[in-house]
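*Asks:* Sequence and predicted model, in that order:
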Amino acid sequence: MQLSDVYLVTKRLKRVPARSIDSLEKTLGTPLPLGYREYLTQLGIGRFSGFLTVESPQQVKEQLEYWRGELLGAAVIVDGMKVGLYNRGVLSATKVRESFLFATTDNGDKFVSTPSCGQTLFVILDGGPSIRTLQHGFLDPLACCRAVGATDRRPWFEAANGRRELCGFEVRGGISVIDNGVTQLWKQQEIRRFEKVDYGSSGSIETYGIRAIDGLLRVFSKSPGKHSVSVSYDKDYKDQVQSLAQLLGRK
């Protein structure tokens with residue numbers, strides 16, 4: 001996939017100016033990882049698929065002390081190599097010590113580059129044993145997720161803009177009404193992912209790519225034929241969420 005294929009669930013992105021990235025490259029004195037510049041200038045600061053976070057230039061600088069610390073960051077990885085927790089085939093202990101941290105996942109995986117390897121991006125899996133090379137770097141964030149075992153991720157991005165709200169309403173008629181309502185409101189072609197998992201008397205629906213419901217739509221059964229719905233959404237899509245509430249039940 002390409003960055004242009006990523007579905008944006010927030011309108012207002014926090015793109016990083018090229019000059020800030022130039023400043024980081026000058027400070028580090030080494031080429032930045034492949035795709036780092038393109039990712040931040042096109043998508044900006046936020047989370048990919050609710051899982052991967054690429055650090056801003058300022059964050060990379062602020063974390064240098066932690067990552068290069070004697071008992072923290074890279075040092076922990078090196079200690080893990082000594083006891084066989086991590087494989088040495090891709091990066092040596094010396095290269096890990098010299099590396100810079102550029103991104104993390106919710107699982108604790110670390111994405112790094114090291115001066116002696118140019119623009120090559122590596123991922124160090126949390127808890128080992130693998131250290132892997134990412135051929136396309138941050139140009140393919142979906143591959144970054146899959147490299148750490150997150151094979152169920154989808155290409156969507158949410159900006160860190162602090163504009164999230166929560167809307168609650170009731171639905172009568174069961175989960176099938178929600179299925180039909182969302183399809184009717186945004187049309188099937190705009191639903192990039194829509195799946196339902198039932199747990200006995202309760203249900204859970206996770207969505208993305210549906211303009212207003214860009215986060216997690218949770219459905220809990222209160223009684224037969226009646227559900228309480230909580231929708232997490234970006235403020236720019238407030239009108240669509242209200243339309244959904246009116247279509248499915250009552251606010």
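*Replies:* It's in.
*Asks:* can you list the domains in this structure?
*Replies:* Domain segmentation of the chain under automatic domain parsing yields 3-158, 163-250.
*Asks:* Tell me which of those domains is the most buried.
*Replies:* domain 3-158 (a mean of 18; mean count of other Cβ atoms under 10 Å). Just so you know, the C-beta spots here come from the backbone N, C-alpha and C atoms, and that holds for glycine as well.
*Asks:* From the chain's centroid, how far away is stretch 7-27?
*Replies:* Computed by Cα atoms, centre = their mean, to the nearest Å, the chain-centroid distance of stretch 7-27 equals 16 Å.
*Asks:* Check stretch 140-148 too.
*Replies:* Centroid separation between stretch 140-148 and its chain, computed with Cα atoms, centre = their mean, is 10 Å.
*Asks:* Give me the mean pLDDT for that stretch.
*Replies:* For stretch 140-148, the mean per-residue pLDDT is 94.
*Asks:* Show me the shaky parts of this protein.
*Replies:* Scanning the chain for pLDDT under 70 picks out the ranges 71, 162, 166-167, 169-232, 240, 244, 247-251.
*Asks:* Pick out the residue closest to the middle of it.
*Replies:* Central residue of the chain (Cα atoms, centre = their mean): Phe48, 2.7 Å from the mean position.
*Asks:* how about the helices of the protein, start to end?
*Replies:* Secondary structure of the chain (DSSP state H): helices at 18-28, 36-42, 57-62, 64-67, 74-82, 93-97, 141-147, 175-186, 238-248.
*Asks:* So which elements touch the second one?
*Replies:* Which is helix 36-42. For helix 36-42, the packing partners by 3 or more Cβ pairs under 8 Å, 6 or more residues apart in numbering; DSSP states H and E come out as helix 18-28, strand 52-54.
*Asks:* Correct me if wrong: Ser99 contacts Gly73.
*Replies:* No. Ser99 lies out of contact with Gly73 (Cβ atoms under 8 Å); the separation is 9.1 Å.
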